[in-house]
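sequence and predicted structure are below.
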Amino acid sequence: MPRMEEEEARRRFTGARVARLGTVDPGGRPHLVPVVFAHHDDDRIVMAVDWKPKSSQRLKRLHNIAVHPAVCLLVDSYDEDWDRLWWARADGGARTIPPDASADQDRIDYEAAIALLRRKYPQYRDNPPEGAVIVVTVRQWSGWRSAAEPERAGQEERAVPRRHDDPGGSHEQADT
């Protein structure tokens, strides 16, 4: 099982649209949530609490980061052709910045994070996040890809799974 080089893991991770954020609660139990994110040029990942419905305004991920700042972010690509599987992970330390931060650098970092998220996600252009920002300083990039996964310099391809009743793959395939 080939491990990815750090640069390939970073490239695949930052090209993804969604990640899973792993934190640890005060009792040592893991907590995992899907997040949208943006990559800052200096190996920082940013995400924000936005207007999507939440079960509570007191988000467990924010409390967990305050107690245990070590976090893990994971992106992956699943395909029915298991020769095309891969995952990339960013491990680091997180901090939260409230929207009403008083320190100058915190306000600068908050605004930069919101700007990056607005650039990446059209949903945020007219309705940007107004909640806390999470900034993860990545300390390690890692990843794995299946042995048969070809190197790609450009964008990722998406394969259309072959139907079980069409072993030759002769049916018409639609764009996904």
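Nice, thanks for sending it over. Numbering: from 1, shown residues only.

drop to CA atoms for contacts and neighbour counts, all remaining ones
Will do.

now do the strands in this structure.
Assigned by DSSP state E, the chain shows strands spanning 19-24, 30-35, 38-40, 44-48, 70-77, 86-97, 133-145.

go through those and pick out the most buried.
Across the strands of the chain, averaging neighbours per residue (mean count of other CA atoms under 10 Å) puts strand 44-48 on top, at a mean of 23.

and it, which strands flank it?
Using DSSP bridges, strand 44-48 pairs in its sheet with strand 38-40 (antiparallel), strand 133-145 (antiparallel).

please save the CA atoms from it in PDB.
Extracted C-alpha coordinates of strand 44-48, given in PDB (Å, rounded to 0.1, in the frame of the first residue of the first chain):
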ATOM      1  CA  ARG A  44      -3.200  26.500   7.700                       C
ATOM      2  CA  ILE A  45      -6.700  25.100   7.200                       C
ATOM      3  CA  VAL A  46      -9.600  27.400   8.000                       C
ATOM      4  CA  MET A  47     -13.300  26.700   8.600                       C
ATOM      5  CA  ALA A  48     -16.100  28.700  10.200                       C
END
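
could you check the angle it makes with strand 19-24?
90 degrees (axes from the mean of the first three to the mean of the last three CA atoms, to 10 degrees).

circling back to that earlier point, quick one: which of the strands of the chain is nearest Arg11?
strand 86-97 (9.0 Å; CA to CA).

what about that closest one, average pLDDT?
Taken as a whole, strand 86-97 has an average pLDDT of 97.

what's the neighbour count on Asp81?
Asp81 has 11 neighbours, counted by other CA atoms under 10 Å.

pLDDT below threshold where in this structure?
1, 57, 147-176 (pLDDT under 70).

name the nearest residue to the one residue sitting closest to the centre of it, sequence neighbours excluded.
When CA atoms, centre = their mean is applied to the chain, the residue found nearest the centroid is Ala19 (2.8 Å). Leaving aside its sequence neighbours, Ala19 sits nearest to Val75 (CA to CA, 6 or more residues apart in numbering; 4.8 Å).

let me see the contact set for that neighbour.
By CA atoms under 8 Å, 6 or more residues apart in numbering, the contact list for Val75 reads Phe13, Ala16, Val18, Ala19, Arg20, Trp87, Ala88, Arg89.

may I have the beta-bridge partners of it?
Ala88.

can you list the strands of the chain in a markdown table and add distance to Tyr110?
Shown next, in a markdown table, are the strands of the chain (distance: least, CA to CA, whole Å):
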| stretch | distance to Tyr110 |
| --- | --- |
| strand 19-24 | 19 |
| strand 30-35 | 17 |
| strand 38-40 | 12 |
| strand 44-48 | 9 |
| strand 70-77 | 19 |
| strand 86-97 | 7 |
| strand 133-145 | 6 |
